[in-house]
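1. just the structure for this:
(chains A and B)
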Amino acid sequence: MLRESALKESDAVLNEVLEPGLGWTHIVKQGQSFRIVDLEGNQAVDTLFYRASDPTDRYSAVDTIREQGNLYLSVGTRLISMSGATLLTITADTCGRHDTLGGACAAESNQVRYSIDKKFMHNCRDTFLLTLARHAPSLGKRDLTANINFFMNVPVTPDGRLWFEDGISAPGRYVELRSETDVRVLISNCPQLNNPCNAYNPTPVRLLVWDSHE
Amino acid sequence: MWSRVLRRGQRLRLTDTEGHAQVAALFYNADAPSERYNMPDTLKAQQIAYLTQGFVLYSDMGKILCSILDDSVGWHDTITGHSTPETVRARYGEGSYRKLRNARFRNTRDNFLTELGKHELTVRDIVPNVNFFVKIVADDTGKLAWVEQPRRGGFVELRAELNTLIVLSNTPHPLDPNPNYAPSPVNLTIRAGAPAPKDDPCRLSRPENGRGFILTEIYFV
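-> The predicted model follows:
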């Protein structure tokens, strides 16, 4: 389902561009709105969320899927945590659907999927680890779980096949979430070059935060 | 609930003796437990959204924790998680120890935390799990549906490819359509065995798995 946001970029309290291959982490406060803009189209944005006051209460892909009875994320999806709480709600989406089964690329999974000699290639798990080590060193590998891939298209068929397909996003499309509690956002702007998740051309995204208007 | 380390090459067979077992499972490298089952890596390497014979369970480090050698059932879920105290209470009501003694209502989250605690692991180590014997399919819009598969006496057999810590919880899955709390037994059989031979069907099932076995074997060099 598509829904546009009424929020204006000029009113944002945070407005940054994140280059492909880089990580980012930030605490989005309760009531704030957080938007990711796919600036050039078909860019996978690997994202994890943690309750700021207790990071063990983190985003759970499988609880989110089960509680909404659907594999794909879009407007109205509540992002459910390990404790069953709602961390954030998707309030606007001009892409249509987002993946949470495909996970993050890693040096080792690239070796399995493509070739043993792909270990050197840049990947999201390395970005997650470095970003946590630099900015949230109390978190680490044990805290990396199945993430959301905003703007990524991973169809699943009724007979249980799954694959990465060309994106359904386009330049300027965005997804916006309202935070229901103070949440740490952890992003890797995906550098994967071996499959169509980034249309073989990783590109920047824009990250915006608005204060609550309630 | 149950946990133990299956040594490399050993087999574990789970048999659904009465036809309603629903066994949630987590897997760790017993020699370095920060390495654990990774649902997304397992699915995308094999281009599947479920598990059956011929597929393998990948760790987050590109290695294989277990292979599925045999499966008479056909579909095992790994995308819908497990029950918690809250889901069990909302579905079945109170089932306290005080009232029911050892027939109390159990839930997989507490079972996992208890068994993980015996290995000094915590809630941080709980990741998307496997649900043996559970079949949940998605239609073209992604909508989920529970599917009953005939499985009285059905079994699935795993072979450990690492020294693999296996944690099991046999309680009703949160999407089980039965309105009554009715756990059903599972029989566990462990057998000795050797690691995967060169012509192993799981190794040969796709090139990705061939590389997964190479990375696993390099680890033991």
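
2. what mean pLDDT does the lengthiest helix in chain B have?
-> Counting residues, the longest helix found in chain B (DSSP state H) is helix B:207-219. The average of the pLDDT scores along helix B:207-219 is 98.

3. also stretch A:33-42?
-> So the average pLDDT for stretch A:33-42 ends up being 97.

4. in chain B, what residue is nearest chain A?
-> B:Pro40 (2.3 Å; CB to the nearest CB). C-betas here are computed from N, CA, C, even on glycine.

5. please name the nearest non-neighbouring residue to that residue.
-> Leaving aside its chain neighbours, B:Pro40 sits nearest to A:Gly103 (2.3 Å; criterion: CB to CB, 6 or more residues apart in numbering or on different chains).

6. tell me the secondary structure at A:Val62.
-> What DSSP: H, G, I helix; E, B strand; the rest coil gives for A:Val62 is helix.

7. give me the pLDDT for the nearest residue to it once chain neighbours are set aside.
-> Sequence neighbours aside, B:Gly81 is the residue nearest to A:Val62 in space, at 3.3 Å (criterion: CB to CB, 6+ apart). On pLDDT, B:Gly81 comes in at 98.

8. nearest to chain B within chain A, name that residue for me.
-> A:Gly103 (2.3 Å).

9. next one: phi and psi at the closest residue to B:Thr122 other than its chain neighbours?
-> The shortest distance from B:Thr122 to any non-neighbouring residue, by CB to CB, 6+ apart, is to B:Leu116 (6.5 Å). Main-chain dihedrals, B:Leu116, degrees, to the nearest 10: phi -60, psi -40.

10. so is the residue of chain B closest to chain A in a helix, a strand, or just coil?
-> helix.

11. give the contact list for it.
-> A:Leu101, A:Gly102, A:Gly103, A:Ala104, A:Ala146, A:Asn147, B:Pro128 (CB atoms under 8 Å, 6 or more residues apart in numbering or on different chains).

12. mind redoing it with 7 Å?
-> A:Leu101, A:Gly102, A:Gly103, A:Ala146 (CB atoms under 7 Å, 6 or more residues apart in numbering or on different chains).

13. quick check: it vs B:Ser184, distance?
-> Distance, B:Pro40 to B:Ser184, by CB to CB, to the nearest Å: 29 Å.

14. residue 13: neighbour count?
-> All of this refers to chain A. Neighbours of A:Val13 under the rule other CB atoms under 10 Å in any protein chain shown: 10.

15. let me rephrase: I mean chain B.
-> Counted with other CB under 10 Å, B:Arg13 comes out at 15.

16. same check on the one 5 residues further on?
-> Neighbouring residues of B:Glu18 were enumerated by other CB under 10 Å; the total is 15.

17. what's the closest non-adjacent residue to it?
-> Closest to B:Glu18 by CB to CB, 6+ apart is B:Ser184, at 4.8 Å.

18. ok so, going back, farthest-apart pair in the contacts of B:Pro40, please.
-> Pairwise distances across these peak at 8.9 Å for A:Gly102 and A:Ala146 (criterion: CB to CB).

19. list phi and psi for B:Leu12.
-> Per degrees, to the nearest 10, the backbone of B:Leu12 is at phi -130, psi 120.

20. can you pull the contacts of it?
-> With the criterion set at CB under 7 Å, 6+ apart, B:Leu12 makes contact with B:Leu6, B:Leu158, B:Ile166, B:Leu188, B:Ile190.

21. go again with 10 Å.
-> For B:Leu12, the contact set (CB atoms under 10 Å, 6 or more residues apart in numbering or on different chains) comprises B:4, B:6, B:25, B:66, B:69, B:156-160, B:164, B:166, B:168, B:188-191, B:193.

22. beta partners of the nearest residue to it once chain neighbours are set aside?
-> Leaving aside its chain neighbours, B:Leu12 sits nearest to B:Leu158 (4.8 Å; criterion: CB to CB, 6+ apart). B:Leu158 forms beta bridges with B:Leu12, B:Ile68, as assigned by DSSP bridges.

23. what about B:Leu158, how many neighbours?
-> Taking other CB under 10 Å as the criterion, the count of residues near B:Leu158 is 26.

24. does it really touch B:Leu6, like I thought?
-> Yes. Applying CB atoms under 10 Å as the test, B:Leu158 and B:Leu6 come out as touching, 7.5 Å apart.
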